[in-house]
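> need a structure here:
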Amino acid sequence: MPIVVSALAVIGISTADIIAMGWIDSVNLAAGSLGLRYYQPLYFFALGITLPVGALIAQALGADDDRQIRRALRQGLLIGFIIGIASAPIMLAGPTILVWLGQDPQLAAMTSEFLFWSAIGLPFNFIFFVLRQYVVAHQKPCHKSSLRSVGCFSMLLAITCSSMALAHSRQWVLPGLPFRPPLHGC
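I've put the predicted structure just below:
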């Protein structure tokens, strides 16, 4: 259930981000979407590589093998960090690669700041994937509860609505995004 909640929360926040970019103008929406779509293959690649850590840790927990738990966690953290460091140059070269792939040079240039900050965050993001799998492996299966479902839905609704309200107020700081909110008309 926590994985479902976190995945839906990410979708809600991404939806609010897209709405906020669309409120600025269509060019910023296009640049933001382009930068995000360039980032996503690396994100999903690392997610796919680090997901087996949870299964390895769960297997070691079932076998009561503490040594294997530590080994799987340590190797997962190392792999996540290495993938993050190796992916950073690909992110930094993003505007150039996007132009090579036929994208508008002006839009590709607008993605550079987002891709720069994303490159810095990649190793930490991928380490988080591994740590999340470690926590998930230690959880016990739970029975479904209507109260839990209502609570999760309420939390997702609150996250999405607060993200949209914050974006609508135009009183936010968005470091690393490929656009800047207009200062006039606020």
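> from residue 105, how far out is the residue lying closest to residue 112 once chain neighbours are set aside?
Here the nearest residue to residue 112 in space, its sequence neighbours aside, is residue 95; by C-beta to C-beta, 6 or more residues apart in numbering that works out to 4.8 Å. (Each C-beta comes from the backbone N, C-alpha and C, glycine too.) In this structure, residue 95 and residue 105 are 8 Å apart, going by C-beta to C-beta, to the nearest Å.
> give me the more crowded residue out of the two.
residue 95 (23 against 11; other C-beta atoms under 10 Å).
> work out for me the element the more buried one sits within.
With secondary structure defined by DSSP states H and E, residue 95 is part of helix 94-100.
> any buried residues in the helix or strand that contains residue 116, and which?
Residue 116 is located in helix 112-137, with elements delineated by DSSP H and E. For helix 112-137, a neighbour-count test (16 or more other C-beta atoms under 10 Å) marks 112-116, 118-119, 121-123, 125-127, 129-130, 132-134, 136-137 as buried.
> cool, and stretch 10-17?
12, 13, 16, 17.
> and the strand or helix carrying residue 106, average pLDDT?
Counting by DSSP H and E, the element that carries residue 106 is helix 105-110. Predicted confidence along helix 105-110 averages 90 (mean pLDDT).
> tell me what it is packed against?
helix 26-50, helix 94-100 (3 or more C-beta pairs under 8 Å, 6 or more residues apart in numbering; DSSP states H and E).
> show me where pLDDT drops low in this structure?
Within the chain, the ranges that satisfy pLDDT under 70 run 1-3, 6, 140-186.
> mind running it again at 80?
Within the chain, the segments meeting pLDDT under 80 span 1-18, 20-21, 139-186.
> so residue 130 sits right up against residue 75, yeah?
No: contact between residue 130 and residue 75 fails when scored by C-beta atoms under 8 Å: they sit 9.1 Å apart.
> what is in contact with those two at once?
The contact sets of residue 130 and residue 75 overlap at residue 53 (C-beta atoms under 8 Å, 6 or more residues apart in numbering).
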